[in-house]
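In: Mind looking at a prediction? Sequence and model below.
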Amino acid sequence: MRDKLTKIIQAYEELEKKLMDPAVVSDPKEYARLAKEHASQAELVAKAREYLGALDDIEAAKEMLHEADAEEKAMLQEDISGNEAKLPALEEDIKFLLIPADPNDEKDTIVEIRAGVGGDEAAIFAGDLYKMYQRFCEGRGWKIQVLSSSPSEAGGFKTIEFKVSGDKVYSVLKYESGVHRVQRIPKTESQGRIQTSTATVAVLPEADEIDIQIEQSDLRIDTYCASGPGGQCVNTTYSAVRITHLPTNTVVQSQDQRSQIQNREVCMQMLRARLYEMELERQQAEQGAERLSQIGHGNRSEKIRTYNQPQDRVTDHRIGFNGTYNGVLLGDSLSSVIEALAAAERAEKLAQAV
């Protein structure tokens, strides 16, 4: 392990030199890329230096034992024992840090919730999921901005897309992608029958211009009058925007912002996230079975969680985790489910790395 860690430290030091190179400093994109890589390696390098330092101290102390008197030998032996005791924990930390991190974990996210099977009740459930994430994010001090929404007359949403900004948002919310299923008695059900409804959640890492380059010639931009609540200008000005990415036929639209300029910027955020997701799926498809993990694909076609109101139980099917219906759906104990999913993913990756 010594040789491997030495090479990691040397590469990190070379990276530090590059960050001071005037040619790199004058190139914002390259500097941002290298600075991100430098930050991601900092904890591993710190542990590597601590590990190698402990090995060096052990070797030095063993050499000094030959010429030491009885009192010095006792002190040196104590130092050796202390450093040797550190090594197992440091080795475990280093093994975990050597697992390739998800490069998107630091990113903000765009979340899309779409009502599925179940008619009005599915739309109401989609609204309940949005409120769950809203409370969860507020509890973490994250900011939510609604980008686009299509409210349902019965309540909730047919679709809603919102951006979440904060510290390592994607690393937490990425486990929420998939089909969410609710089993409960709808308010409109007069005979007390339990209905099963679904909603799909997609969590997309936000992509910036460095990640995704979009040619203006590949876009068709349409403007139209916004509909629904929004003030005096609704239905009188062409503030709503629809953008079609012609090569992929990807369509995004926004009418919830105050101006055409703001709606256009929101559309570009959503489009970059969609195209970035397509590129990630292409890469993951090439990796094949490596993507099939204990926590599942996390895609929109996979049933990941059931919220059962009569039994006051929420089950995450990927790891068999159970929580209470109100506790999870009110956002109070959603963190427990996500932490369990993250722990399962870490354990699997560590097992694969060993």
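Out: Noted; the coordinates are in hand.

In: Please enumerate the helices of this protein.
Out: 2-19, 22-25, 28-65, 70-98, 120-139, 169-173, 260-287, 325-329, 334-353 (DSSP state H).

In: Any chance of the ones you listed in a markdown table with mean neighbour count, distance to Q216 and mean pLDDT as columns?
Out: (Each C-beta comes from the backbone N, C-alpha and C, glycine too.) Below are the helices of the chain laid out as a markdown table (neighbours: other CB atoms under 10 Å; distance: least, CB to CB, whole Å; pLDDT from 0 to 100):
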| stretch | mean neighbour count | distance to Q216 | mean pLDDT |
| --- | --- | --- | --- |
| helix 2-19 | 13 | 33 | 92 |
| helix 22-25 | 11 | 29 | 91 |
| helix 28-65 | 15 | 19 | 90 |
| helix 70-98 | 14 | 41 | 88 |
| helix 120-139 | 21 | 33 | 94 |
| helix 169-173 | 22 | 28 | 93 |
| helix 260-287 | 17 | 11 | 82 |
| helix 325-329 | 19 | 43 | 90 |
| helix 334-353 | 15 | 39 | 84 |
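
In: Go ahead and confirm A126 touches A154.
Out: No - under the criterion of CB atoms under 8 Å, A126 makes no contact with A154, lying 11.1 Å away.

In: a markdown table for the helices of the chain, including distance to V241?
Out: Below are the helices of the chain laid out as a markdown table (distance: least, CB to CB, whole Å):
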| stretch | distance to V241 |
| --- | --- |
| helix 2-19 | 39 |
| helix 22-25 | 37 |
| helix 28-65 | 27 |
| helix 70-98 | 44 |
| helix 120-139 | 22 |
| helix 169-173 | 25 |
| helix 260-287 | 4 |
| helix 325-329 | 33 |
| helix 334-353 | 33 |
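
In: Looking at those helices, spot the one closest to I185.
Out: Smallest distance to I185 across the helices of the chain (CB to CB): 9.7 Å, for helix 120-139.

In: what does that closest one contact?
Out: Helix 120-139 is contacted by residues 111, 113-116, 118, 143-144, 152-160, 162, 164, 166, 173, 176, 180, 182, 186-188, 195, 197-199, 201, 328-332, 334-335 when judged by CB atoms under 8 Å, 6 or more residues apart in numbering.

In: Among those, name the ones in strands.
Out: 111, 113-115, 143-144, 157-160, 162, 164, 180, 182, 195, 197-199, 201 (DSSP state E).

In: tell me the contacts of P310?
Out: Counting by CB under 8 Å, 6+ apart, P310 touches 183-185, 194.

In: swap in L350?
Out: By CB under 8 Å, 6+ apart, the neighbours of L350 are 95-96, 99.

In: Near the closest residue to V251 other than its chain neighbours, how many residues? Count them for me, please.
Out: If the residues on either side of it in the chain are set aside, V251 comes closest to T244, at 5.0 Å by CB to CB, 6 or more residues apart in numbering. Other residues within reach of T244, judged by other CB atoms under 10 Å, total 17.

In: The one 4 residues further on now?
Out: For T248, the count of nearby residues is 12 (other CB under 10 Å).

In: quick one: it from Q213, how far?
Out: 14 Å (CB to CB, to the nearest Å).

In: can you check K4 too?
Out: Counting by CB to CB, the separation of K4 from Q213 is 36 Å.
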